[in-house]
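*Asks:* sequence first, predicted coordinates after that:
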Amino acid sequence: MTLDLMDRLKILADGAKYDVSCSSSGSSRSNSNGVGSAASSGICHTWTSDGRCVSLLKILMTNACVYDCAYCVNRRSNDIPRVALTPDEIAELTIGFYRRNYIEGLFLSTGVVRSADYTMELLIQAARTLRQQCRFNGYIHLKLVPGADPLLVQQAGLWADRVSINLELPTRESLALLAPDKTRDAVVKPMRQVSGLITVNRAERKASRKVPRFAPAGQSTQLIVGATGESDRQIVTLSEQLYQRLDLKRVYYSAFIPIVTDSRLPARPVAPLKREHRLYQADWLLRYYGFAAHELLDEVHPNLDQDLDPKTGWALRHLELFPVEINRAGYEELLRIPGVGVRSAQRIIQARRQGHLGIDDLKTLGVVMKRARYFVTARGRYAGEGPFESNMLRRKLMDAPQRPVQLSLTLEQPAGLITGEL
Amino acid sequence: MAACYQYDGTLDGLLTLYARLLPDRIAPEQISTNLPDQHPLFSSEIIITTDHVVAEAFWQGLTRRLSPHSLKLVRRCLLADYPQQELLLYRYLLLEAEQGRRIDQMLAHPHVAPVWKLSQQVGREAHRYLGFVRFQQVQGELYYAAIRPEHRILLLIGAHFAERFSDQQWLIHDKRHNEGILYNAETKEWLLLPMELHQQPEAAPQEEQFQLLWQHYFSTLAIPERMNLKLQQGKVPLKCRDVLTEFCVLPPADSR
């Protein structure tokens, strides 16, 4: 069966779109006598109707696969047309799109054909064609195939800016249940290897700039959320370990959407998008705000609060640390105030060198006062009216009070509570 | 008595105006490019004639005096297209003349915060257009792109495209402000020129195929279960969409 390029592109894009990773950041490549460059900030080129950004041409090399993973649209037992693109076709498409500034580069994933090694070799060949024949200096993200030879993993990192291999499920048991052909070790081993190679490469490049770069944008991975019964605590703790021990750049979370029916999968009419959103917020707290997983979640609270963001939730459990005086608090303390981000914390520190800040100044500096007002004082003045008490604050801080569900909740409160606030 | 000052709308004109007003700490009521429709009752109008030498000297002075951060702010604000931006920037420069580099830390000051905010807007739009430029290959090996940004961001994005597409001839045309950047792949130089388009350039033969591939690819990417048009509109405002190939109407599926 031969289909024209358009049909194959559509089928292969359809098979790749459930991979969340989209970032084109973290690598800075200059254009040396060819086409393309990589901006370290990353550049989004457009957004699809589900609100996800398009930065890279995200496609599969082939959607044929020898595996039969329950959650995957490309599983062996799924009855869909199977197609493939050759390395040359991929290079031509990428360059054609790139020169029109549609994309930042290529994200190449694949189903597994014949063997892990054979598939990995095809991926590497596509990347090499782009880099050598097309003199392409844009961003390339390559998937590693679980179980591929360590030598091939090493080669992939030399052509790509970022490599990734998906953990898919948070625990060994879930993986055995839903992806019986993959083992946890086949996934974790290449991750460990890449992590080691990146560390070595960084040290070598410090000694000599002539050493070729190995995966300069690091590695990432992805977890499916809601297909199995793990708690947020298990997931966030796992992410923390991945960031700390394997130095991952990103862990992506993908709310489980039942694409195929399977008795092993939960029957779930709605994707847990809110949960995914809260997990990303917690992830940011781990990476940029100096939080530890055990601060956000513990045995008593194994799951993130759906109604409040994790930082606000943490603050409400630790009211003894608040309110914080913004004219005196250190950077780390400022970062822990709900509504204060990295940028506004830096700006507060800068601005207060020229004199004390008042509550009104905070808004000018970019602080989200909707949340921050309950947790700060400025020149000793507290801006959130009412008593400083956890349940009361919680009700004021609840997200999206305009939702009908939440409105009825507020109405059900005994009148005494509401008047007590006044 | 507060006066309204006028200049000819060019960058040099504005710099001349600043050079004349700043030393005397004059506080203008308004700075405009042409006569306001309603003449203010209690103020007079003064027209400042552009002097390129004065403007150049003033700019050189600024680049020497201002910190890199502050200079970036000023540069971006000069490229903005915003009501009363001249006055905002003038107040900022006036404060700078008094306070010197301390101004870099006075982030909450009423004369600094608006300038910072405006410069953020300009910078953000420039970054957005690094992604939103859509080239089409037209006759004569030229890649042409039209954009319609709020601010005059071409100078902020030129260097990026000159590096990235250093081996192709390209042209980015700002239709709102009637100017464009032309890049010459042989000399590796780019130029900002006043530009007006009289007819749509004719597309190269393979252009339509790539546009179709891109449009179909784009519509395939969305996951129906996650549909969120509000989020999409926040990221890709409607005003940007007419220059984006993927938001132009998809031709019927059978006409490939």
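*Replies:* Sure thing, it's come through.

*Asks:* now stretch B:57-70: buried residues?
*Replies:* Residues of stretch B:57-70 classed as buried: B:58-59, B:62, B:66, B:70 (neighbour count, 16 or more other CB atoms under 10 Å in any protein chain shown). Bear in mind the C-beta positions are built from the backbone N, C-alpha and C, glycine included.

*Asks:* ends of stretch A:97-117, how far apart?
*Replies:* 29 Å (CA to CA, to the nearest Å).

*Asks:* stretch A:10-22 now?
*Replies:* For stretch A:10-22, the separation between the terminal residues is 18 Å (CA to CA).

*Asks:* for A:Y252, list each beta-bridge partner.
*Replies:* A:Q222 (DSSP bridges).

*Asks:* isn't B:I31 up against B:R91?
*Replies:* No - B:I31 is beyond contact range of B:R91, at 10.4 Å (criterion: CB atoms under 8 Å).

*Asks:* compare these two and say which is more crowded by neighbours.
*Replies:* For B:I31 versus B:R91, the count of surrounding residues by other CB atoms under 10 Å in any protein chain shown is larger for B:I31: 22 against 18.

*Asks:* state the distance from the more buried one to chain A.
*Replies:* According to CB to the nearest CB, to the nearest Å, B:I31 stands 24 Å off from chain A.

*Asks:* which SSE is that residue in?
*Replies:* strand B:30-32 (DSSP states H and E).

*Asks:* likewise for B:K72?
*Replies:* Going by DSSP H and E, B:K72 is part of helix B:68-78.

*Asks:* again with B:W214
*Replies:* helix B:207-221.

*Asks:* can you tell me what sits against that helix?
*Replies:* Here helix B:207-221 makes contact (CB atoms under 8 Å, 6 or more residues apart in numbering or on different chains) with A:5-6, A:9-10, A:13-14, A:17, A:46, A:48, A:52, A:54, A:57-58, A:93, A:96-97, A:100, A:102, B:136-138, B:245-246, B:248, B:250-251, B:256.

*Asks:* doesn't B:V112 make contact with B:Q99?
*Replies:* No - the pair B:Q99 / B:V112 is not scored as a contact, 9.5 Å apart, by CB under 8 Å.

*Asks:* who's more crowded, the two?
*Replies:* Shown here are B:Q99 and B:V112; by other CB under 10 Å, B:V112 has more neighbours (24 against 16).

*Asks:* any idea how far the residue nearest to the more buried one when sequence neighbours are not counted lies from A:A351?
*Replies:* Counting by CB to CB, 6 or more residues apart in numbering or on different chains, B:V112 lies nearest to B:M106, which is 5.1 Å off, once chain neighbours are set aside. B:M106 sits 7 Å away from A:A351, going by CB to CB, to the nearest Å.

*Asks:* ok, and the closest non-adjacent residue to residue 128?
*Replies:* I went with chain A, as the question did not name one. Nearest one to A:R128, counting by CB to CB, 6+ apart, is A:W159 at 5.7 Å.

*Asks:* meant chain B actually
*Replies:* Nearest one to B:R128, counting by CB to CB, 6+ apart, is B:C240 at 7.7 Å.

*Asks:* so the one you found belongs to a helix, correct?
*Replies:* Yes - under DSSP: H, G, I helix; E, B strand; the rest coil, B:C240 falls within a helix.

*Asks:* ok, it touching B:R148?
*Replies:* Yes - when contacts are counted by CB under 8 Å, B:C240 is listed as touching B:R148 (7.5 Å).

*Asks:* ok, now which ones touch A:I235?
*Replies:* With contacts defined as CB under 8 Å, 6+ apart, A:I235 is in contact with A:170, A:223, A:225, A:253, A:279.

*Asks:* give me the common contacts of B:Q99 and B:V112.
*Replies:* Both B:Q99 and B:V112 are contacted by B:M106, under the criterion CB under 8 Å, 6+ apart.

*Asks:* for the chain, which spans come out with low pLDDT?
*Replies:* By default, I'm working from chain A. Residue ranges of chain A with pLDDT under 70: A:1-2, A:267-269, A:399-422.

*Asks:* if you could check chain B rather than the one you did, that'd help
*Replies:* Per-residue confidence for chain B (pLDDT under 70) gives these ranges: B:1, B:34-43, B:250-256.

*Asks:* mind listing what the nearest residue to A:L142 once chain neighbours are set aside touches?
*Replies:* Spatial nearest neighbour of A:L142, excluding adjacent residues (CB to CB, 6+ apart): A:A160 at 4.1 Å. Going by CB under 8 Å, 6+ apart, A:A160 touches A:127, A:140-142, A:215.

*Asks:* next, A:A160: phi, psi?
*Replies:* phi -100, psi 160 (degrees, to the nearest 10).

*Asks:* quick one: name the residues of the stretch 151-300 of chain A near chain B.
*Replies:* A:255, A:257, A:271, A:273 (CB under 8 Å from any CB of the partner chain).

*Asks:* what's the local residue count around B:I103?
*Replies:* Neighbours of B:I103 using other CB under 10 Å come to 24.

*Asks:* likewise B:E186?
*Replies:* B:E186: 7 surrounding residues under other CB under 10 Å.

*Asks:* check B:M227 too.
*Replies:* Residues near B:M227, counting by other CB under 10 Å: 14.

*Asks:* surely it meets A:D50?
*Replies:* Yes - using CB under 8 Å, B:M227 makes contact with A:D50 at a distance of 5.5 Å.

*Asks:* B:C240 and B:R148: which is more packed in?
*Replies:* B:C240 (19 against 15).

*Asks:* circling back: what residues does the residue nearest to B:R128 make contact with?
*Replies:* If you count contacts by CB under 8 Å, 6+ apart, B:C240 has them with B:128, B:132, B:148.

*Asks:* surely the last one touches B:K239?
*Replies:* Right, B:R148. Yes - counting by CB under 8 Å, B:K239 is a contact partner of B:R148 at 7.2 Å.

*Asks:* and the residue positioned nearest the centre of chain B, how close does it get to chain A?
*Replies:* Nearest to the geometric centre of chain B sits B:R152, at 1.9 Å (CA atoms, centre = their mean). Distance of B:R152 to chain A, computed by CB to the nearest CB: 20 Å.

*Asks:* list the contacts of residue 228.
*Replies:* Just so you know, I chose chain A. A:T228 makes contact with A:169-171, A:174, A:177-178, according to CB under 8 Å, 6+ apart.

*Asks:* switch to chain B, that's the one I care about
*Replies:* By CB under 8 Å, 6+ apart, the contact set of B:N228 is A:49-51.

*Asks:* ok, back up a step: of the buried residues of stretch B:57-70, which belong to helices?
*Replies:* Judged by DSSP state H, the buried residues of stretch B:57-70 include B:58-59, B:62, B:70 as members of helices.

*Asks:* quick one: which of those is nearest to A:I326?
*Replies:* Set against A:I326, the nearest of these by CB to CB is B:S70 (24.4 Å).

*Asks:* my guess is that closest one contacts B:R102, does it?
*Replies:* No - shown here, B:S70 and B:R102 do not form a contact pair, counting by CB under 8 Å, at 10.6 Å.

*Asks:* now do the helices in the stretch 201-350 of chain A.
*Replies:* A:232-245, A:273-288, A:293-296, A:310-317, A:331-335, A:342-351 (DSSP state H, counting those that start in this stretch).

*Asks:* how near is whichever residue of the stretch 151-300 of chain A sits closest to chain B to A:F214?
*Replies:* In the stretch 151-300 of chain A, no residue comes nearer to chain B than A:I257, which is 4.8 Å away by CB to the nearest CB. According to CB to CB, A:I257 stands 34 Å off from A:F214.

*Asks:* just A:L304 next, same as before
*Replies:* A:L304 sits 35 Å away from A:F214, going by CB to CB.
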